[in-house]
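**Student:** Could you look at this predicted model? Sequence included:
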Amino acid sequence: MELNIYSTYEDKNSNDPLIGKLIFDKYKIIKRLGGGTFGSIYSAFYDNKYYALKFEVKKGEKSLLENECYIMNTLKSPYLPSIKVFGYNNTHNILVMELMGKSLENIFEETPKKFFSTRCVCNIGYQMIEILEFIHNKNYIHRDIKPDNFVIGLNHKKKYIFILDFGLSTKYKSSKTNKHYPPIVYKNLVGTPRYASINALGGLTQSRRDDLESVGYVLLYFLKGRLPWQGIPAKNKEERYKKIMEKKKYITPEELCEGYHQNFSAYVKYVRNLEYEQDPDYDYLKSLFLNILKVNGYHLDCFYDWDTETIIYKRNQKKSFNSSMQNYSLEQRNNNIFNIRPPSFNNNMSAQKNIGSDVYNYYYVQPGINNKFFNTQNNNNFYNNNVSNFNNNIIQQQQNQNFDNYNNNYKTNGNYKQIYNKNNKNRRNCECCNIF
């Protein structure tokens, strides 16, 4: 029987050497949740709470995980899991964050009918646009929109969708001039070809329009269960990318959305016609989903297809069912939930030397506690001998620091990495049900 990821008992049947180990001398690894080319993800337990630990194998100086940590900290979005710790050793980088639920891709694969209802897709689509609007207003684009990177929350947060994986994210315009970076042509695709925009597949610089176009393909994937360019035969990756781009380019929005409400084709047509620097009309895009729900007799209620069995069970058992989260309008929630407070964390980020050889011996700085150097070996002599060197390399990372100076200030001479640890309390606050 598969081990529950929320169990405090470690997976004894696993041969993974990390299972049962303590990371940062406190996060006990419970189970491996998954992995990919970047590394692996584990669940961990500490102080009666569950966390997700993301491991990345070090490959040169460039770290996608470090970039992800920096961007998530900069965004401070209620649509993102909160970050706890970022650290490293000789072989791996690691990011500790709030544990979330299953991805939309995993849920979709477990759905027997292999498609979501229109009501469910519209609820998902509205929140996706809401999430991207927040990120884009911070001058960032995601560049890898796909079902795997959207997850549902756990327990009292299970009605809301969160976005993950900012390793490929970047700024699309300068913080100093507030102007878009000039478009250039790349040789390689950034993102996932199935959901990438036509311009991204052509190697063009991405902007807000590309994130929104990818959302349209994700929603159609949920509606139809399969996209027309899936399974295209090709000899190699380059040929497959080219065929996917040609298929997307020559299929019209009406053909792509045939058999579904015309607002879906209107969405695809609108985002495809956006210019590189044009400001998207997020309210218009959200209204397309609202109109679809209204025509079908629904409203934005955070209701998903995977909730049906649970609701029926509770009603049959004659248990009280709290419908506040089901019936509370997202339009109303938008007017109440956001209380983004100024950052209260210490922005000092201290540079540390890379020592230790074991995978589970990581080193980090805990801001606000005299910037002391902690490690699993309690090597006080090392700290005392090198504290002066560390203090010389302390970098002030201000909240409003421009991304233009990131490469000069955030990364240093390559002999060490910045380490980050904070408790992010900027979360969604829902007054109706007090879930956050």
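**Tutor:** Everything's here; your move. Residues are numbered from 1 along each chain as shown.

**Student:** Show me the shaky parts of the chain.
**Tutor:** For the chain, applying pLDDT under 70 flags the ranges 1-14, 36-37, 308-436.

**Student:** buried residues in the longest helix belonging to it?
**Tutor:** Counting by DSSP state H, the longest helix found in the chain is helix 118-137. Neighbour counts over helix 118-137 (16 or more other CB atoms under 10 Å) mark 118-136 as buried. C-beta here means a position set from N, CA and C on the backbone, and glycine is covered the same way.

**Student:** pretty sure Pro81 is touching Phe162, no?
**Tutor:** Yes - Pro81 is within contact range of Phe162, at 6.0 Å (criterion: CB atoms under 8 Å).

**Student:** Can you check which residues contact both of the two?
**Tutor:** Common neighbours of Pro81 and Phe162 (criterion: CB atoms under 8 Å, 6 or more residues apart in numbering): Met100.

**Student:** what about Tyr79, how many neighbours?
**Tutor:** 20 (other CB atoms under 10 Å).

**Student:** Likewise for Asp281?
**Tutor:** 11.

**Student:** what's next to stretch 236-248, contact-wise?
**Tutor:** With contacts defined as CB under 8 Å, 6+ apart, stretch 236-248 is touched by 189, 193-194, 198, 201-202, 228-229, 232, 234.

**Student:** let's see 7 Å
**Tutor:** 189, 193, 198, 201-202, 228-229, 232, 234 (CB atoms under 7 Å, 6 or more residues apart in numbering).

**Student:** ok, now stretch 249-267?
**Tutor:** The contact list for stretch 249-267 (CB under 7 Å, 6+ apart) reads 118, 198, 216, 220, 223, 228, 268-269, 285, 288, 291-292.

**Student:** Using TSV, please lay out these together with secondary structure and distance to Met100.
**Tutor:** Shown next, in TSV, are these (DSSP: H, G, I helix; E, B strand; the rest coil; distance: CB to CB, whole Å):
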residue	secondary structure	distance to Met100
Thr118	helix	25
Ile198	helix	31
Gly216	helix	24
Leu220	helix	24
Leu223	helix	24
Pro228	coil	31
Val268	helix	29
Lys269	helix	33
Leu285	helix	25
Leu288	helix	27
Asn291	helix	30
Ile292	helix	27
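
**Student:** ok, Phe166 - contacts?
**Tutor:** 68, 71-72, 142.

**Student:** before we move on, the earlier item: packing partners for the longest helix of the chain?
**Tutor:** Counting by 3 or more CB pairs under 7 Å, 6 or more residues apart in numbering; DSSP states H and E, the packing neighbours recorded for helix 118-137 are strand 161-163, helix 208-224, helix 282-295.

**Student:** Need these in TSV (columns: distance to Gly39 and mean neighbour count).
**Tutor:** Written out in TSV, the entries for the helices and strands packed on helix 118-137 read as follows (distance: least, CB to CB, whole Å; neighbours: other CB atoms under 10 Å):
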stretch	distance to Gly39	mean neighbour count
strand 161-163	19	23
helix 208-224	24	24
helix 282-295	34	17
